[in-house]
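Asker: Have a look; sequence and predicted model below, questions after that.
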Amino acid sequence: MLNPIVLSIPIYFLLIGIELLVERWQRTEHYHFHDALTNISCGLTQQVTGVFMKIIGVTAYAFLYQHAALLHVPRTWATGLLLFVLVDFCYYWAHRMSHEINLFWGGHVVHHQSEDYNLSVALRQGSWQELFTFAFYLPLAVIGFEPTFFVYVSAFVTLYQFWIHTEFIGRLGPLEWVLNTPSHHRVHHARNPKYIDRNYAGALIIWDRLFNTFQAEEERPVYGVTTPVNTWNPLWANLGHYTQLWQQVRYTPRFDDKLRTLFGRPGWRPVHAGGSYVVPEVAMDTYQKYATPTTPALNWYVLAQYVLLLGLGALFMFTQAHMPLFARVATAVWLGWGVMNVGGLLEARSWATWLELPRLLLLPGLLALLALNSTVLVVAAAGGVGWVLGSGMWLWWLRQKASAASSAALAQAPQ
């Protein structure tokens, strides 16, 4: 069974391309190369890890449906609409708790880290979020909505939310009273104090209006999290919150304070540690977004590697169900290595430069593994060798340019 979200990936990129054309036409700056690439890297990482993570949620749901279902709800248009509303209601609470419980926030914070707001942000998802949110949907199994029905309908609740990640659509009149819209969701992604922890809706804003978490868009939001993650590395984007949380728990002496650190609101701290974090005001005209200097040559190299990563990622998503476990794990590791290295190269990390060549050298073997028992085995392996040789020469040229630039800078420095 292919997930509708996976099937929609080409449409996602088509719409992102259209938004980029609109941006170019209007001469605005809603996209930045490094940020957009990191957003998509986090999405690719989440989809790859989701292949393994979703087993937990789907297995739990199927078990409850088999052993505890009160009814067996038939598949009809009416029950589909009912299930859509119920899934959206469950999503509201899963999403809200992902903001209000510090441990859960670590799985969701990735989605809020981008300091831009565009359609690529919709793809930026946390790899661990499934672990904290699947339980909120289990009551639907007890009611009696069978697992496949649930998977498809919940996917459409997720698909709805793609288009609301844009600044190119203004307010939508009466629809704003019922639906979650770009205006409402821009508020949700803001770090302005008045906007934080508002508008949790998936598709229907009625839940926020009902449970007093609604906030209309007023001044233009400043996007991102209150403590910027300042990295293009999707691995650190997913793990950074938990390393900080571990340090806070470790140095909090009282056991009850440790529990409040884990299960209280993000930013909670005991009085002796300074008390709860106060969200500072932030102004759009003075706020500086995270940026790292790179050269056009490096950007083109990264983009070329990224196109290959996306191609293999798409192949993985569409064929992983039929892969042997070893091939599945090997591909997932190589893809994760790739997006991590892309982020490291954009940050000029020395480890990324050293890890790039061995990553490339493993490519022919990976392609051969994926094409095993296929007529394209030789072609895949040869293509991989050709890509490694071309990329290796390109990487060598980049290193020579960087070395020459460094020598020139030293020569010009005052003695």
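Answerer: Arrived safely. Numbering: from 1, shown residues only.

Asker: Please make it C-alpha for all contacts and neighbour counts, starting now.
Answerer: OK.

Asker: chain center to the strand or helix carrying F326: distance?
Answerer: Per DSSP states H and E: F326 is located in helix 325-346. Relative to the mean C-alpha coordinate of its chain, helix 325-346 is positioned 15 Å out (CA atoms, centre = their mean, to the nearest Å).

Asker: and what of stretch 389-398?
Answerer: 30 Å.

Asker: CA-only coordinates of the helix holding F326 in PDB, if you can.
Answerer: The C-alpha coordinates for helix 325-346 follow below in PDB (Å, rounded to 0.1, in the frame of the first residue of the first chain):
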ATOM      1  CA  LEU A 325      16.000  -5.500   5.100                       C
ATOM      2  CA  PHE A 326      19.800  -5.100   4.500                       C
ATOM      3  CA  ALA A 327      19.200  -3.100   1.300                       C
ATOM      4  CA  ARG A 328      16.600  -1.000   3.100                       C
ATOM      5  CA  VAL A 329      18.800  -0.200   6.000                       C
ATOM      6  CA  ALA A 330      21.900   0.500   3.800                       C
ATOM      7  CA  THR A 331      19.900   2.900   1.600                       C
ATOM      8  CA  ALA A 332      18.500   4.700   4.600                       C
ATOM      9  CA  VAL A 333      22.000   5.100   6.200                       C
ATOM     10  CA  TRP A 334      23.500   6.400   2.900                       C
ATOM     11  CA  LEU A 335      20.700   8.900   2.400                       C
ATOM     12  CA  GLY A 336      21.000  10.100   6.000                       C
ATOM     13  CA  TRP A 337      24.800  10.400   5.500                       C
ATOM     14  CA  GLY A 338      24.200  12.400   2.300                       C
ATOM     15  CA  VAL A 339      21.800  15.000   3.700                       C
ATOM     16  CA  MET A 340      24.100  15.400   6.800                       C
ATOM     17  CA  ASN A 341      27.100  16.000   4.600                       C
ATOM     18  CA  VAL A 342      25.200  18.500   2.400                       C
ATOM     19  CA  GLY A 343      24.500  20.500   5.600                       C
ATOM     20  CA  GLY A 344      28.100  20.200   6.700                       C
ATOM     21  CA  LEU A 345      29.400  21.400   3.400                       C
ATOM     22  CA  LEU A 346      27.200  24.400   3.500                       C
END
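
Asker: Now it: average pLDDT?
Answerer: What helix 325-346 shows for mean pLDDT is 93.

Asker: Pull the distance from the helix or strand harbouring V187 to the chain's centre.
Answerer: Using DSSP H and E, V187 maps to helix 182-188. In this view, helix 182-188 has its centroid 18 Å away from the chain centroid, taken as CA atoms, centre = their mean.

Asker: swap in stretch 356-373?
Answerer: That offset, for stretch 356-373, works out to 26 Å (CA atoms, centre = their mean).

Asker: mind listing what's buried in it?
Answerer: 356, 360-361, 363-364, 366-371 (16 or more other CA atoms under 10 Å).

Asker: can you tell me which of these lies nearest to L103?
Answerer: L103 lies nearest to E356 out of the buried residues of stretch 356-373, by CA to CA, at 33.3 Å.

Asker: Might one say that the closest one is in contact with N341?
Answerer: Yes - contact criterion CA atoms under 8 Å: E356 and N341 qualify, at 6.7 Å.

Asker: can you pull out the strands in the stretch 201-350 of the chain?
Answerer: With DSSP state E, counting those that start in this stretch as the criterion, the stretch 201-350 of the chain has no strands.

Asker: ok, which stretches of the stretch 151-300 of the chain are helices?
Answerer: Remark: helices assigned in the stretch 151-300 of the chain by DSSP state H, counting those that start in this stretch are 182-188, 206-210, 234-250, 255-263, 296-319.

Asker: Which of those sits closest to V282?
Answerer: Closest approach to V282 among the helices of the stretch 151-300 of the chain (CA to CA): helix 182-188, 14.1 Å.

Asker: Tell me which other helices or strands that closest one touches.
Answerer: Packed against helix 182-188, as judged by 3 or more CA pairs under 8 Å, 6 or more residues apart in numbering; DSSP states H and E, are no other helices or strands.

Asker: List the contacts of it.
Answerer: For helix 182-188, contacts defined as CA atoms under 8 Å, 6 or more residues apart in numbering pick out 117, 163-167, 169-171, 176, 195-200, 215-217, 221.

Asker: send the alpha carbons of that helix over as CSV?
Answerer: Listed next in CSV are the C-alpha coordinates belonging to helix 182-188 (Å, rounded to 0.1, in the frame of the first residue of the first chain):
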residue,chain,number,x,y,z
PRO,A,182,-2.3,30.4,5.2
SER,A,183,-3.1,33.4,7.4
HIS,A,184,-3.9,31.3,10.4
HIS,A,185,-0.9,29.0,9.9
ARG,A,186,1.5,31.9,9.5
VAL,A,187,0.6,32.8,13.1
HIS,A,188,1.4,29.3,14.2
